[in-house]
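J.: Structure of the sequence below:
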Amino acid sequence: MRFVELWVYLSASPLFGLTATLVVYLLAQAIYTRLDSAPLANPVLWSVIVLAGGLLATGVDYPRYFAGAQFIHFLLGPAVVALAWPLWLRRAELRARFGRVLLAALLGGVSASGSAVALGWAVGLPHDVLMSLAPKSVTAPVAMGIAEKIGGIPALSAVFAVLTGLVGALTGKYLFDLLHIATTPAGWAARGFALGTTAHGIGAARALHVNADAGAYAGLALGLQVVLAALLMPLVFRLF
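T.: Residues are numbered from 1 along each chain as shown. Prediction:
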């Protein structure tokens, strides 16, 4: 009876979203750590699944949930800014590699966007869905803004961005191992940069958890993709 009363109280207040998110994520993180950080145990993936399933099962609508979860959402901005600290520690090597890093970011962004649009066009997806797919490898808020500018659907673009980040975080390790990318300092930098380029914030979080060098280069790639995509993608799609 007390549990029912507690549930009724929490579900009717902003504390519900905050409490549910923290409890589910901490449990998922504990399981992730216990399983030696296995990619398929990614805490973001399982938190999304459990929270979405819980909201559907209990009939709690998303606005009521987000009334509490927005306090965690607010921390996303400072968390992204904090990714600059590992880059600052490596500023000398980044300065020496700046040209190659910028070229890699440009080619990686073109490949990520171009391949998605080409595959979507090949299977006959509508134009607005194709334009929603184009910024899939850019972090969700920026992807939504780009989609709006080029004729896509912002909400759909956000879904594609989240799915892309999760797929990258789940499969990146296996793909890198398959390609025999070494776990040396240079190899970790390559792995991190690739994850940040294709899987934005979720990939960067995974990279940072696994290796400091990988996390630093993933954060750099994330930032470069945001800038390059925001500047170039609307221009390119307007021309073509």
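
J.: Show me what counts as buried in the helix or strand residue 129 falls within.
T.: In the assignment (DSSP states H and E), residue 129 maps to helix 127-133. Going by neighbour count (16 or more other CB atoms under 10 Å), the buried part of helix 127-133 is 130-133. Where C-beta positions appear, they are placed from N, C-alpha and C, glycine not excepted.

J.: for that helix, packing partners?
T.: helix 98-122, helix 140-150, helix 154-178 (3 or more CB pairs under 8 Å, 6 or more residues apart in numbering; DSSP states H and E).

J.: neighbouring contacts of the second one?
T.: Right, helix 140-150. With CB atoms under 8 Å, 6 or more residues apart in numbering as the test, helix 140-150 has contacts from 131-132, 134-136, 138, 152-158, 160-162, 200-201, 226, 229-230, 233-234, 237-238.

J.: 7 Å - rerun?
T.: 131-132, 134-136, 138, 153-154, 157-158, 161-162, 226, 229-230, 233-234, 237 (CB atoms under 7 Å, 6 or more residues apart in numbering).

J.: now the angle from that helix to helix 98-122?
T.: Angle of helix 140-150 versus helix 98-122, following axes from the mean of the first three to the mean of the last three CA atoms, to 10 degrees, is 60 degrees.

J.: Just give me how far helix 140-150 sits from the chain centre.
T.: Between the centre of helix 140-150 and the centre of its chain there are 14 Å (CA atoms, centre = their mean, to the nearest Å).

J.: Convert that helix to PDB, retaining C-alpha atoms only.
T.: C-alpha atoms of helix 140-150 as PDB (Å, rounded to 0.1, in the frame of the first residue of the first chain):
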ATOM      1  CA  ALA A 140      20.700  15.700 -32.100                       C
ATOM      2  CA  PRO A 141      19.900  19.400 -31.400                       C
ATOM      3  CA  VAL A 142      22.100  20.500 -34.300                       C
ATOM      4  CA  ALA A 143      20.700  17.800 -36.500                       C
ATOM      5  CA  MET A 144      17.200  19.100 -35.900                       C
ATOM      6  CA  GLY A 145      18.200  22.600 -36.800                       C
ATOM      7  CA  ILE A 146      19.900  21.400 -40.000                       C
ATOM      8  CA  ALA A 147      17.000  19.300 -41.000                       C
ATOM      9  CA  GLU A 148      14.600  22.200 -40.600                       C
ATOM     10  CA  LYS A 149      16.900  24.300 -42.900                       C
ATOM     11  CA  ILE A 150      17.200  21.700 -45.700                       C
END
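
J.: Pull out the buried residues from that helix.
T.: Buried residues in helix 140-150, defined by neighbour count with 16+ other CB under 10 Å: 140-147, 149-150.

J.: So which of those residues is the closest to residue 91?
T.: The closest of the buried residues of helix 140-150 to residue 91 turns out to be residue 142 (CB to CB; 24.3 Å).

J.: what's the distance between the closest one and residue 219?
T.: Distance, residue 142 to residue 219, using CB to CB, to the nearest Å: 15 Å.
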